[in-house]
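# Make a model of this:
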Amino acid sequence: MIDRQQHVLLANAIRVLAMDAVEQAKSGHPGLPMGAADLATVLFSQALKFDAADPAWPDRDRFVLSAGHGSMLVYALLYLTGTPGLTLDEIKRFRQLHSKTPGHPEVGHTPGVETTTGPLGQGIATAVGMAMAERMLAAEFGKAAVNHHTYVLASDGDLMEGISQEAIALAGHQKLNKLIVLFDDNGISIDGPLSMADSVDQVKRFQSAGWRAERVDGHDPDAILAAINRAKASSKPSLIACKTVIGYGAPKKAGTSKAHGEPLGADELAAAKAGFGVSATPFEIPAEALKAWRAIGARGASAHKAWAAAFAALSPKKQAEFNRRLTHQLPPKLGKAFSAYKASLVKTPPVVATRKASEMALEAITPVMPELVLGSADLTPSNNTKMKTAIAFTPKTPKGRYVHYGIREHGMAAAMNGILLHGGFRAAGATFMVFTDYCRPAIRLAALMNQPAIYVMTHDSIGLGEDGPTHQPVEHLAALRAIPNLRTLRPADAMETAECWQMALERTDGPTVLALTRQNLPAVRLEASRANLCAQGAYELVPAEGGKADATIFASGSEIEIAIAARKALADSGVRARVVSVPSLELFLDQPAEVRRRVIGNARIKVAVEAGIRMGWDAVIGADGDFVGMRSFGASAPYKELYKHFGITPEAVVKAVLAKHQQ
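Residues are numbered from 1 along each chain as shown. Alright, predicted model coming up:
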């Protein structure tokens, strides 16, 4: 136990570093670290299982600062506890270029940070995925290897964001009792008192979603610790609403929006330090406080050592599998499984929608990839993501590897990030492609965090037909291609779909979107190449007949069959055309110039055809190239009528080529 005097010493060390760092940077949010310092001190000193010397220890408790604007709270804690690489000099360089203390926490950039936060609501939703992964991994490898909690510090803003409702509803339904949220209930937002915009009783809200929830004084360490212990004993996820004062200790700004997102100012900072009874010298922490914090950081070494001994008692096979999973190494049999499946497609080329082709590929490879966690946002029969032998993940079946996320696309995408960040699993989630708009903030974070999430997005164009323009993606391919480090793959048939799945699973440095059709497509790849032809983003699918090409037709996905039909019609008119399949436009544009020149070719006439907007295609066809695609929203009708109505037809491609050929 830590007595009250020592607690104050420890908490004030956090406040000093936060105040000074924000003041020196002339930018930042001092209010939350000052107000939540008591919560953080209790959590790190008396509840959290961690070893500062090894912030990646697999069985550590996870701490997610969902209120990422208060980043100096976690940076102060990491420095004080002795996390390698987080020095006082880094604290002094808060919010500066190339420092380890950026404006908002970034996983992979700062040691000890579990996830990138800042966009409010993302942290708590990501933590739900972490808690899910902990339960799944414990069920498979046993509590000797996996037995930890996930803690979240959330702000009013986190709980006002819509994604928080999706997250807490999912967590409550799944009874994720090792998820504990500390709510920094300070009642202040940037605009002023929270009462200006919100009057939700968060305790009742969480209780209605199946959580255990209570209120405590956020500046009473004994009350906070008792609440955490009650939460750890609960059979439900827990919310602890901690009533705090934002900017605690600042004489004039405490409890006001002035403490939220700006430096205190020299006079207010000096007065706050005087009130705390600490040195006025910037970044000066009492030696006694630093020594005590370092002892807290080292305390977890014994638990770490005990875990290592328990892990060593597992069978060598189980240890090897656990380590493979945690390092994202592919199963040794995955490559052979894909090769065998591709060979089967040659024997019997299927005429199927690529969403069905995706299901077929998954049936072939999931038996050798037990770590693949699939799921859907209540569109399982349409997305084709549940295998025949799949078991749903539920409180009673924690070994299940299929998640019914409900109609919570955003929450699904964020939970997938948490599953991946926790380690031990690969995550793939599905919905209609138009609803990538609902997922986009979490997809963007996956790309920023280099997490290999896989998004199975079906019904990828006007080809979905009668559901009409509300459900027909038009601008979505271009919008997804615009996200740095996100790879968008749009396969044309079952063979390309298999190759795209292989690319997605082999990728470990970023997320992938699989854009799949509702409508059936013919097989266009009739040979099983040893190489993955989709891997460079584009390749010549059908060469020109009888000599040098007069035209090149570029297409992706369902429009490949249109390109092939146009090529045949052009040949009948004496025009030689080649067809280039472009399953990933952005991946192709990242290839070396020599590769791009070879694939694009020297044909004078270049036409692209895709049931989306033109944006992005000029990099391939040039500003003078022709584009056959969408220029408006879609409409409600059978899909074949829609393709004719919007002029996405072989005839339109032929007309565009002949017009240029006659010039």
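# And the helix or strand containing Ile562, what does it pack against?
Element membership for Ile562 (DSSP states H and E) is helix 560-572. Here helix 560-572 touches strand 539-542, strand 551-555, strand 577-581, strand 605-609, helix 650-661, going by 3 or more CB pairs under 8 Å, 6 or more residues apart in numbering; DSSP states H and E. For glycine as for every other residue, the C-beta is placed from the backbone atoms N, C-alpha and C.
# any idea where the strands of the stretch 351-500 of the chain begin and end?
Here the stretch 351-500 of the chain has its strands, by DSSP state E, counting those that start in this stretch, at 372-376, 402-404, 426-432, 454-458, 487-489.
# What are the contacting residues of the fourth one?
What it means is strand 454-458. 355, 358, 376, 379, 382-385, 413, 426-433, 435-436, 439, 443, 504-505, 511-518 (CB atoms under 8 Å, 6 or more residues apart in numbering).
# Please report how far Ala241 lies from Gln207.
11 Å (CB to CB, to the nearest Å).
# intersection of neighbour lists for these two?
Ala213.
# picking up where we left off before, what about the contacts of strand 454-458, which are in helices?
If you go by DSSP state H, the contacts of strand 454-458 have Arg355, Ser358, Ser382, Asn383, Ala413, Thr436, Cys439, Ile443, Ala504, Leu505 in helices.
# count of residues packed around Ala565?
Neighbours of Ala565 under the rule other CB atoms under 10 Å: 16.
# and what of Arg597?
Other residues within reach of Arg597 by the criterion other CB under 10 Å amount to 11.
# Ser235 now?
Residue neighbour count, defined by other CB under 10 Å, stands at 8 for Ser235.
# Quickly note the distance from the residue nearest to it when sequence neighbours are not counted to Arg212.
Setting aside the residues directly before and after it, Ser235 is nearest to Asn177 in space (CB to CB, 6 or more residues apart in numbering), at 5.3 Å. According to CB to CB, Asn177 stands 8 Å off from Arg212.
# Also Leu589?
51 Å.
# Give the bridge partners for Ile188, please.
Pro193 (DSSP bridges).
# quick revisit: most neighbours among the ones in helices among the contacts of strand 454-458, which one?
Ala413 (34 neighbours).
# Work out for me the element Arg15 sits within.
Judged by DSSP H and E, Arg15 forms part of helix 4-25.
# Please save the CA atoms from the helix or strand just after that helix in CSV.
Following helix 4-25 in sequence order, the next helix or strand is helix 31-46 (DSSP H and E). Once non-C-alpha atoms are left out, helix 31-46 reads as follows in CSV (Å, rounded to 0.1, in the frame of the first residue of the first chain):
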residue,chain,number,x,y,z
GLY,A,31,-5.8,19.8,-17.9
LEU,A,32,-6.4,16.1,-18.3
PRO,A,33,-3.0,15.0,-16.9
MET,A,34,-3.4,17.3,-14.0
GLY,A,35,-6.9,16.2,-13.2
ALA,A,36,-6.3,12.5,-13.9
ALA,A,37,-3.0,12.2,-12.2
ASP,A,38,-4.6,10.6,-9.1
LEU,A,39,-6.3,7.9,-11.2
ALA,A,40,-3.1,7.1,-13.1
THR,A,41,-1.0,7.0,-9.9
VAL,A,42,-3.3,4.5,-8.2
LEU,A,43,-3.6,2.4,-11.4
PHE,A,44,0.1,2.2,-12.1
SER,A,45,1.3,1.9,-8.6
GLN,A,46,-1.2,-0.5,-7.2
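# Check the contact lists of Asn177 and Arg212 and give me the overlap.
Taking CB under 8 Å, 6+ apart as the criterion, Asn177 and Arg212 both touch Ser234, Lys236, Pro237, Ser238.
# Among those residues, which lie within strands?
Among those, the members falling in strands (DSSP state E) are Ser238.
# Just the closest of the shared contacts of Asn177 and Arg212 to Arg567, please.
The closest of those to Arg567 turns out to be Pro237 (CB to CB; 57.2 Å).
# tell me the pLDDT at the closest one?
Per-residue confidence at Pro237 stands at 99 (pLDDT).
# Apart from its neighbours in sequence, what residue is nearest it?
Once flanking residues are discounted, Pro237 sits nearest to Leu179: 4.2 Å by CB to CB, 6+ apart.
# and the one you found, how many neighbours does it have?
31.
# Met132 too?
Met132 has 27 nearby residues by other CB under 10 Å.
# Identify the residues contacting it.
Met132 sits next to Gln174, Leu176, Phe393, Val403, Ala415, Gly418, Ile419 when contact means CB under 8 Å, 6+ apart.
# likewise Asp201?
No contacts exist for Asp201 under CB under 8 Å, 6+ apart.
# ok, now how distant is it from Ala309?
On the measure of CB to CB, Asp201 and Ala309 end up 46 Å apart.
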